[in-house]
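>>> Any chance you could fold what I've pasted below:
(2 chains)
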Amino acid sequence: MPHDAAATLNSPDGKGPPESLQDPHFLESLRQQMVKFARLQLRDEDLAEDAVQEALAGALKNADSFARQSALRTWVFSILKYKIADALRYRQRVIASSELGDDEHREQAFMDALFKTNGHWHKAERPTSWSGPQGRVQSEHFWRVFDACLNGLPEKQARVFMMREFIELESEEICSQLDLTTSNLHVILYRARMRLRKCLESSWFSPNERKTLTKEGRR
Amino acid sequence: MMDCKQATRLASESLERKLKTGEKLELKLHLAICSGCRNFARQMSTLRGLARDYALGEEENPPQGQPQDAGKSSPEE
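Now for the predicted structure:
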């Protein structure tokens, strides 16, 4: 009986053999991590198990789209976070205040930090060219930064972004699966890309002040 | 005249839908005078490429002469 299933999960990102997606140890340790995460959030054993079950079932339908373990993990967790948010909302009987399910105050603050009132970039926020020395390097370190940036997205944005860019679903399909209007979808993707590019630029591409992320993008 | 907020919004949307002729023209004009948005527009397509590479765990277009050791794993087929 292997007792170190978690080791599979903690192996360096992307280095695992691709078969590990079918690897029951990988899946089991992934599931355990999810349950732990869901329990912390929901504080209810049954709800947590349900959320994990639904998230895993949904995610594994698309497992073919992922050869990289860390990408699959990020995807699965994005669905789980979404399910948890749903469960919490249901339990608290709080109807999402906006049709986007996004926190509009948070989004407004984010945009205000980027753009002046006249709609132009704040000088310090102006996007830079990514063609510098960091531009073409896609090392394991880079992918960890990428992973961390994805994990920093609000749940809905992460999920929609991954459906569009990882699984490469067409807009109409995402809209019908998530019950969104086309313009909602555009806004959500815009916000997700805005956040991601900012995160990547300041964590990786910015040539002068390259901050190192202190936390790896996994939990 | 289009501002940066509108220009970036359109640059993102162009990944989901074909822009109308008028929109395309306005965006083009804006990009001609705004280096920040020009960089943003390029980053949008880079981001798409990165996301796909990330999910697939492989480099679809390895850069010239740069040995890649990231994401060696490939789909089993």
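
>>> Could you pull out the buried residues of the helix or strand hosting A:Arg89?
Assigned by DSSP states H and E, A:Arg89 belongs to helix A:69-91. Under the neighbour-count criterion of 16 or more other Cβ atoms under 10 Å in any protein chain shown, helix A:69-91 has A:69-85, A:87 buried. Every residue, glycine included, has its C-beta placed from N, CA and C.

>>> Tell me the buried residues in the helix or strand following that helix?
Proceeding N to C from helix A:69-91, the next assigned helix or strand is helix A:104-114, under DSSP H and E. Buried residues in helix A:104-114, counting neighbours by 16+ other Cβ under 10 Å, are found at A:Glu107, A:Phe110, A:Leu114.

>>> Give me the most central residue, chain B.
B:Ser45 (1.1 Å; Cα atoms, centre = their mean).

>>> What residue spans form the domains of chain A?
A:1-95, A:99-219 (automatic domain parsing).

>>> Quickly, which of the ones you listed bottoms out on average pLDDT?
Of all those, domain A:1-95 carries the lowest average pLDDT, namely a mean of 74.

>>> For A:Ile167, which residues are in contact?
A:Asn62, A:Ser65, B:Ala55 (Cβ atoms under 8 Å, 6 or more residues apart in numbering or on different chains).

>>> For the first one, which non-adjacent residue is spatially closest?
The spatial neighbour of A:Asn62 that comes closest, neighbours along the chain excluded (Cβ to Cβ, 6 or more residues apart in numbering or on different chains), is A:Ile167 at 5.1 Å.

>>> Can you report phi and psi for the one you found?
phi -90, psi -10 (degrees, to the nearest 10).

>>> any idea how far A:Glu28 is from it?
Applying Cβ to Cβ, to the nearest Å, the value for A:Ile167 to A:Glu28 is 24 Å.

>>> For A:Pro154, grab the count of nearby residues.
19 (other Cβ atoms under 10 Å in any protein chain shown).

>>> Verify the contact between it and A:Asp103 for me.
Yes - using Cβ atoms under 8 Å, A:Pro154 is in contact with A:Asp103, at 7.1 Å.

>>> neighbours around the residue lying closest to the residue nearest to the centre of chain B once chain neighbours are set aside, how many?
The shortest distance from B:Ser45 to any non-neighbouring residue, by Cβ to Cβ, 6+ apart, is to B:Leu15 (7.7 Å). Using other Cβ under 10 Å, B:Leu15 has 17 neighbouring residues.

>>> which element is B:Met2 on?
Using DSSP H and E, no helix or strand contains B:Met2.

>>> any idea how far it lies from A:Leu150?
For B:Met2, the distance to A:Leu150 - Cβ to Cβ - is 30 Å.

>>> Does the nearest residue to A:Phe205 once chain neighbours are set aside fall in a helix, a strand, or a coil region?
In space, and not counting its chain neighbours, A:Phe205 is closest to A:Trp130: 4.7 Å by Cβ to Cβ, 6+ apart. State at A:Trp130, reduced to three classes by DSSP: H, G, I helix; E, B strand; the rest coil: coil.

>>> related to what we said a few turns ago, wait, does the helix holding A:Arg89 contact chain B?
Yes - contact of helix A:69-91 with chain B (Cβ under 8 Å from any Cβ of the partner chain) involves A:Ala71, A:Trp75.

>>> helices or strands up against that helix?
helix A:24-42, helix A:45-60, helix A:140-151, helix A:155-165, helix B:35-56 (3 or more Cβ pairs under 8 Å, 6 or more residues apart in numbering or on different chains; DSSP states H and E).

>>> ok, 7 Å please
helix A:24-42, helix A:45-60, helix A:140-151, helix A:155-165 (3 or more Cβ pairs under 7 Å, 6 or more residues apart in numbering or on different chains; DSSP states H and E).

>>> Pass me the low-pLDDT residue ranges in chain B, would you?
B:58-77 (pLDDT under 70).

>>> Could you list the residues of chain A in contact with chain B?
A:14, A:16-19, A:65-68, A:71, A:115, A:118-121, A:126-130, A:136, A:138-140, A:143, A:146, A:165-166, A:171, A:186, A:189-190, A:193, A:196-197 (Cβ under 7 Å from any Cβ of the partner chain).
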